[in-house]
Every structure is written in structure tokens, then in C-alpha cells.
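J.: Requesting a structural model of the entry that follows:
(one chain, ligands or ions: 1)
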Amino acid sequence: MPVKNNPLFAAIPAGPADAALSCFLTENQEQFSDVGRIAIAYSGGADSTALLLAAARQWPDKVIALHVHHGLQDAADAFWQHCQQQCEVWRIPLFEQHVDARHLPGESPEDAARVHRYRALADMAHQQHADCVLLAQHADDQVETLILALSRGAGLPGLACMPAVFERHGVCFARPLLSVGGEALRNWLSEQNIIWTEDPTNQDRRYIRNRIRLDVLPAIAKAFPEYRQTFARSATHAAHAQILLSELAEQDLQMTGNPPAIKALQTLSTARQANALRYWLRQFHHTAASTRQLEELLRQIDACQTRGHSIDLKIGHGVVVRNNAVLQYRPQ
Ligand SMILES: Nc1ncnc2c1ncn2[C@@H]1O[C@H](COP(=O)(O)OP(=O)(O)OP(=O)(O)O)[C@@H](O)[C@H]1O
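T.: Sure, this is the predicted structure:
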């Protein structure tokens with residue numbers, strides 16, 4: 001039975017996820033006015049449950065659910081079973097992919113799981129011919145991301161937080177719930193007696209994100225009741241400023257050439273050199289320099305005044321070296 005004729009589904013009234021989705025669609029009209037198939041990244045948790053229901057109401061019979069089985073914790077099977085049961089009730093087609101999300105030495109388990117998850121979601125979206133994958137991160141996730149970025153001393157790309165629409169692995173991803181808080185979504189689901197799964201690791205204070213959510217955000221909420229809106233505004237300002245810096249870096253790389261000529265780099269101010277080099281490393285070599293590495297690279301470039309001067313600096317999984325008149329990044 002299709003979603004629109006399903007009495008179980010039709011009985012659920014619209015809630016905050018519907019409002020946020022419709023606001024998002026108004027803001028991104030062009031991209032979403034004519035979608036064929038739309039996929040929801042459905043973990044079984046509260047946020048993606050609310051998004052799945054709102055999306056299925058918005059696009060009856062065009063919505064599919066995608067679930068990534070992480071195989072990391074014992075609960076992964078239970079999450080998958082829960083998703084199967086719910087999608088059967090709502091008659092929403094569900095697809096699943098298993099990933100081996102073990103992390104490499106030095107890599108955080110959360111980062112490894114995220115990398116595998118995006119790859120699996122993109123694979124499934126390709127296989128099912130979905131136009132876009134919707135993720136259920138909300139306003140509180142955005143604030144957590146901002147605080148996490150501040151705690152790490154991040155630059156503008158980190159402070160810009162999570163974009164509402166982006167592309168990865170050739171697939172469009174979107175986050176339509178960034179304007180709504182997590183509590184509103186949960187309260188609404190509870191009022192409708194809709195069940196969801198709780199990830200037990202969300203209470204584990206060994207993870208910094210959980211400490212932010214459980215300990216820091218309640219204190220911030222007390223001191224700054226409007227923090228969701230004001231923090232989101234700051235993230236938006238940072239995102240806009242980052243766009244300008246990327247445009248400037250593109251112009252500067254046109255002038256210096258790619259790979260950048262050392263003499264041409266030296267004609268730029270130190271801040272512009274740093275900006276151009278960060279962009280060059282990120283866009284063309286998929287790596288990022290720490291603040292200290294970048295300072296050292298700028299020092300070596302400044303000192304490179306004669307043929308005899310060399311440049312040699314380890315950054316990410318490679319080294320930046322001098323190759324005659326230009327810089328070169330050599331993966332190792
Ligand atoms: N196992 C999964 N399968 C499919 N999508 C997932 C999975 N885990 C997370 N996602 C998607 O990525 C988003 C962000 O992941 P995160 O780990 O922050 O979510 P979560 O804590 O599982 O929250 P929720 O499921 O309540 O949205 C989720 O909202 C969901 O859309």
C-alpha cells in the first residue's frame with residue numbers, strides 16, 4: 001500500500017520536522033522543485049525518524065530509507081531490525097548496507113564510522129537512483145559542531161559548521177532540520193507514540209561530543225537562551241567569509257600557477273600566502289596543515305631566496321618540497 005493511502009501514516013499529524021522541511025524547501029526551491037526519488041539516511045534514532053515521516057508526507061511514494069549497519073556495537077542488529085519493522089508499518093522501501101567501520105591506528109572511531117557511513121549512503125543512493133540523501137542533523141548538532149570546532153582551535157572552515165546542502169561521492173546530501181532543536185523533535189514523536197532507538201553510546205562521556213551535549217549545552221542554554229539562533233548566525237557568517245577566502249585563494253593560485261611558484265608566492269602578504277597554501281593543500285591534495293606546520297612552511301618559503309635553499313616539510317600523509325621554481329606535494 002503506498003504511503004499516501006496508508007491510514008497508519010495519514011493519522012500522524014504534522015510536527016516540527018514538517019515545518020523545518022518546508023522552510024528548507026522554500027529556501028532551496030530550485031534544487032528540490034522537481035525531485036524524482038529522495039532518500040532518507042535512517043538510523044532508527046529520533047531525529048531521522050522524524051525526518052523520514054516528514055519527508056514521506058512531503059513526497060508521497062518518492063521516499064526511500066537507507067540504513068547503514070555499522071557492525072560496531074552489539075546493538076547494530078537491533079537498530080536494523082527496528083528500522084525494518086517501522087518501514088514495514090509505514091510502507092517505506094528500506095535499503096541497507098553493511099560496513100566494516102573499524103578505525104585505523106590514530107583515527108578516531110567516530111570519524112572512521114562517519115567516513116564509511118557517507119560512502120555507504122552514497123553507494124546506496126547511486127544504486128537506487130535517488131536524487132538526494134537527506135540527513136537528520138538538527139540545530140543542537142550544529143551548536144555541538146561549533147563548540148567542538150572552537151575547542152580544537154579550528155579556522156573558518158571548521159567554524160562554518162555543517163552546510164545545509166553539499167555534495168560527496170557524486171551525491172547530493174542535504175540537512176533540512178538544521179533550524180529545529182532535538183528536544184522539539186523528540187517531544188513530538190513521544191506525543192504521537194512513535195518509537196525510536198536510543199544509541200547507548202550517546203550517554204558515554206568518553207566521547208567529547210557527548211560531554212558537550214550532556215554538560216556544556218545545558219549551562220549555555222541557561223546563560224544564553226537564544227544560543228541556537230545566535231550560534232547558527234555566527235556559523236553562517238563564518239561560512240560566507242570562507243567562501244570569499246576560497247575565491248581569493250583561487251585568484252591567487254591563478255597568479256602563482258598550480259603548483260605555486262615560490263617567487264610569485266613571496267609577492268603576496270603572509271596572510272594571503274597562508275590562505276592560498278591552505279586552499280592548495282585542501283583542494284588539490286586533500287590534506288590540511290596544522291597552524292604550526294603552516295607557520296613553518298611560510299618561514300621556509302620566506303627563507304627560500306637562492307637556488308641552494310630547499311623546502312621540506314611533512315604535512316598530512318606527504319611532504320611539501322621545492323621542485324626547482326615551484327612547490328610540490330609528494331604523497332608518502
Ligand atoms: N546507521 C545509520 N544509517 C543511516 N543513516 C545514519 C546512520 N547513523 C546516522 N545516520 C544519519 O546521519 C545523521 C547524523 O548522524 P548522528 O550519528 O549524529 O545521528 P544519530 O545520533 O544516529 O541521530 P538520529 O538517528 O536520531 O538522527 C543522522 O541524523 C542520520 O540521518
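
J.: List the backbone torsions phi and psi for whatever residue of the chain ends up closest to the ligand.
T.: Of all residues in the chain, Gly45 sits closest to the ligand, at 2.4 Å by C-beta to the nearest ligand atom. Where C-beta positions appear, they are placed from N, C-alpha and C, glycine not excepted. Per-residue torsions, Gly45: phi -70, psi 170 (degrees, to the nearest 10).

J.: Next: Thr49.
T.: Dihedral angles phi and psi of Thr49 (degrees, to the nearest 10) take the values phi -70, psi -50.

J.: Around the ligand, which positions in the protein sit nearby?
T.: Contact residues of the chain with respect to the ligand, defined by C-beta under 6 Å from any ligand atom, are listed as 41-43, 45-48, 66-68, 70, 117, 135-137, 141, 199.

J.: can you rerun that using 5 Å?
T.: For the chain, the contact set with the ligand under C-beta under 5 Å from any ligand atom comprises Ala41, Ser43, Gly45, Ala46, Asp47, Ser48, His67, Val68, Leu135, Ala136, Gln137.

J.: pLDDT score for the fourth one?
T.: Yep, that's Ala46 we're talking about. At Ala46 the predicted local distance difference test score is 97.

J.: In space, what's closest to it - neighbours in sequence excluded?
T.: Counting by C-beta to C-beta, 6 or more residues apart in numbering, Trp196 is the residue found nearest to Ala46 once chain neighbours are left out, at 4.4 Å.

J.: And for the fifth one?
T.: Nearest residue to Asp47 in three dimensions, chain neighbours excluded: Ala136, at 3.8 Å (C-beta to C-beta, 6+ apart).

J.: mind checking the SS state of that neighbour?
T.: The three-state assignment at Ala136 reads coil, by DSSP: H, G, I helix; E, B strand; the rest coil.

J.: what are the phi and psi values for it?
T.: Taking degrees, to the nearest 10, you get phi -110, psi 20 for the backbone angles of Ala136.

J.: Surely the residue of the chain closest to the ligand touches Thr201?
T.: No: using C-beta atoms under 8 Å as the test, Gly45 is too far from Thr201 to be in contact (11.5 Å).

J.: So for the two, which residue has more residues nearby?
T.: Set side by side, Gly45 and Thr201 show unequal neighbour counts under other C-beta atoms under 10 Å, the larger going to Gly45 at 20 against 14.

J.: residues in contact with the more buried one?
T.: Each residue near Gly45 by C-beta atoms under 8 Å, 6 or more residues apart in numbering is listed here: Ala136, Trp196, Thr197, Glu198, Asp199.

J.: Name the member of those that has the highest neighbour count.
T.: Neighbour count (other C-beta under 10 Å) singles out Ala136 as the most crowded of these, with 26 neighbours.

J.: pLDDT value on that residue, please?
T.: At Ala136, the model reports a pLDDT of 98.

J.: Could you do Arg37 as well?
T.: Turning to Arg37, the model gives it a pLDDT of 96.

J.: Give me the nearest residue to it, chain neighbours excluded.
T.: Leaving aside its sequence neighbours, Arg37 is closest to Ala130 (4.7 Å, by C-beta to C-beta, 6+ apart).

J.: ok, now Arg272?
T.: Spatial nearest neighbour of Arg272, excluding adjacent residues (C-beta to C-beta, 6+ apart): Asp252 at 5.9 Å.

J.: And for Pro260, the neighbour number?
T.: With other C-beta under 10 Å as criterion, Pro260 counts 22.

J.: May I ask you to confirm that it is in contact with Ala325?
T.: No: at 9.8 Å, Pro260 does not count as touching Ala325 under the criterion of C-beta under 8 Å.

J.: what's the helix or strand for Ala122?
T.: For Ala122, the element it lies in under DSSP states H and E is helix 109-127.

J.: Determine the set of other helices and strands touching that helix.
T.: Here helix 109-127 touches strand 38-41, strand 63-69, strand 94-98, strand 132-134, strand 171-174, going by 3 or more C-beta pairs under 8 Å, 6 or more residues apart in numbering; DSSP states H and E.

J.: Now mean neighbour count too, for those, in JSON lines please.
T.: Listed next are the helices and strands packed on helix 109-127 as JSON lines, based on neighbours: other C-beta atoms under 10 Å:
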{"stretch": "strand 38-41", "mean neighbour count": "24"}
{"stretch": "strand 63-69", "mean neighbour count": "24"}
{"stretch": "strand 94-98", "mean neighbour count": "16"}
{"stretch": "strand 132-134", "mean neighbour count": "23"}
{"stretch": "strand 171-174", "mean neighbour count": "20"}
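
J.: closest to Pro16 out of these?
T.: Put simply, out of the helices and strands packed on helix 109-127 the one that sits nearest Pro16 is strand 132-134, at 15.4 Å, with distance taken as C-beta to C-beta.

J.: Let me see the mean pLDDT of the next helix or strand after the closest one.
T.: On the C-terminal side of strand 132-134, the nearest following helix or strand under DSSP H and E is helix 139-151. Along helix 139-151, the predicted confidence averages to a pLDDT of 94.
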